[in-house]
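**Student:** Model the structure of this input:
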Amino acid sequence: MTKLNPFKPNSPVPTAMFAGRFDEITALEKGLFQTKNGQTANFLITGERGIGKSSLMMYLKHVSCGSVPSINHGEFNFVTINTVISDRTDLVTLVKLIEKNLSREIGKHDVFRKFMSDTWAFVQRIKVMDSGIEQSDKNAESDILIDEFAYSLSETCKRIIKGEKSEYAKDGILFLIDEADNSCADLRVGYFFKTVTELLQLNDCDNVMFVVAGLPDVVEKLSSSHESSVRIFTQLKINELSPDDRCYVIDKGIESGNKINSEKTIITESAKHHISTLSEGYPHFIQQFAYSAFDHDSDGEISDDDVLTGAFKKGGAIDAIGDRYYASSFHDKIKSDDYRQVLSIMAESMNSWIKKSEIREKFTSDNNTLTNALQALTTRKIILKNPSKVGEYRLQQRGFALWIKLFGNRKN
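**Tutor:** All right, here's what the predicted structure looks like:
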């Protein structure tokens, strides 16, 4: 009998399976409470790919809308706007995306529809900023656009807090902006957030909260366009889940599947331990290893063999994770076989520190090429350089090493 697989490796972790992050959730909920009461709080969430930033933001969305109660502050009632930044998102595009999403959320009520149309009318007049104009003129246009945006946003927030009818009154507006590390130079992302938050304060609007998420280099992206922009955020660095939280996620997945499937599934403690170890505490990896183990199981009990076979076979968990997280770094970002050889040598040590001299012993090209390779791989954040010991490097994750050893030499 075919069973529905309850694990979801290709999307943010469902709220029902969300685990851990108590300190981060507490801080974010406190920020919602502060913002609701006119003490604006903004957050910057950073962490490696697959660590659970998007899942945390999805959970916060449910809390902010009141569909999930907060831990200490009851239910919130924010208008929550989700936006994802791509490398093609310039200032005009971002403003239009925000206006469109606000209109969808607020404009569905007749009492706000005309207000939205009038207040955000400037969006319909926006012209694409031609790349051929002088930079000074382009900056002036950007400043005008940001000023109009901040004014319209402040007026909108004030209106929904007051509400013409009590049932439409809201606590404020929450913006969840994901993948900010993708931002291009034309967006001037740090300048945007710094200027908008200052203008909101000048317009006496203190009930708008920004939560921005991205890979660790988002900090550099923010600072490069405005050196003090990072200061407007409280930074939350997301780390790996603890072993107990990893097992909780697995148990909740099995429990969810058993509510749907007539044929029940159990999992051994040893199998859970294997999933926990292989995942390294990355929530998306937990989902993938559990998904592959569940898929391989044929007798209703997920065993060590189900986990390991599901993980290491062609098309299994490690292969799938590699396609999503590692293949680009190994193939697309590297055009030199010498550089890939360095990664293959490093993979023999998994993600432990390895000395340059140890790599050189196995490297088949010359020393200058090795030096260039290590510098390039470090700059591209494919490998890490030991900040406390000269000449030591490592891969970021054990999973990357496993994938290189198993599938790295496979041609795309």
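
**Student:** In stretch 173-186, which residues are buried?
**Tutor:** Using 16 or more other Cβ atoms under 10 Å as the test for burial, stretch 173-186 gives 173-183, 186. For the C-beta atoms, the positions are set from N, CA and C on the backbone; glycine is no exception.

**Student:** Export that stretch to PDB, keeping only CA atoms.
**Tutor:** Below are the C-alpha coordinates for stretch 173-186, written out as PDB (Å, rounded to 0.1, in the frame of the first residue of the first chain):
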ATOM      1  CA  ILE A 173       2.500  45.900   9.900                       C
ATOM      2  CA  LEU A 174       5.200  43.200   9.900                       C
ATOM      3  CA  PHE A 175       7.500  42.700   6.900                       C
ATOM      4  CA  LEU A 176       9.200  39.400   6.400                       C
ATOM      5  CA  ILE A 177      11.900  39.900   3.800                       C
ATOM      6  CA  ASP A 178      13.800  36.700   2.900                       C
ATOM      7  CA  GLU A 179      17.000  36.000   0.900                       C
ATOM      8  CA  ALA A 180      18.200  39.600   1.300                       C
ATOM      9  CA  ASP A 181      21.800  38.300   0.600                       C
ATOM     10  CA  ASN A 182      20.700  38.200  -3.100                       C
ATOM     11  CA  SER A 183      20.200  41.900  -3.200                       C
ATOM     12  CA  CYS A 184      22.000  43.700  -6.100                       C
ATOM     13  CA  ALA A 185      23.900  46.900  -5.900                       C
ATOM     14  CA  ASP A 186      21.000  48.900  -7.600                       C
END
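
**Student:** what about Lys335, how many neighbours?
**Tutor:** Applying other Cβ atoms under 10 Å, we find 8 other residues in the vicinity of Lys335.

**Student:** In this structure, which helix is the longest?
**Tutor:** When the chain is parsed with DSSP state H, its longest helix is helix 135-162.

**Student:** Show me what that helix is packed against.
**Tutor:** helix 91-106, helix 110-119, strand 173-178, helix 189-202, strand 208-214 (3 or more Cβ pairs under 8 Å, 6 or more residues apart in numbering; DSSP states H and E).

**Student:** which parts of the first one are buried?
**Tutor:** Of the residues in helix 91-106, those buried by neighbour count under the rule 16+ other Cβ under 10 Å are 91-95, 97-99, 101-103, 105-106.

**Student:** List just the nearest of the buried residues of stretch 173-186 to Thr369.
**Tutor:** Using Cβ to Cβ, Asp181 is the member of the buried residues of stretch 173-186 that sits closest to Thr369, with 29.8 Å.

**Student:** For the residue lying closest to the closest one once chain neighbours are set aside, list each beta-bridge partner.
**Tutor:** The shortest distance from Asp181 to any non-neighbouring residue, by Cβ to Cβ, 6 or more residues apart in numbering, is to Gly214 (3.5 Å). With DSSP bridges as the criterion, the beta-bridge partners of Gly214 are Thr46.

**Student:** what's the model's confidence in the longest helix of the chain, averaged?
**Tutor:** Rounded to a whole number, the mean pLDDT of helix 135-162 is 84.

**Student:** quick one: the strands in the protein?
**Tutor:** Secondary structure of the chain, counting by DSSP state E: strands at 43-46, 79-84, 173-178, 208-214, 234-237, 266-267, 301-302, 354-355, 383-385, 392-395.

**Student:** worst average pLDDT in these?
**Tutor:** Looking at these, the bottom one is strand 383-385 with a mean of 89.

**Student:** for that one, packing partners?
**Tutor:** helix 367-379, strand 392-395.
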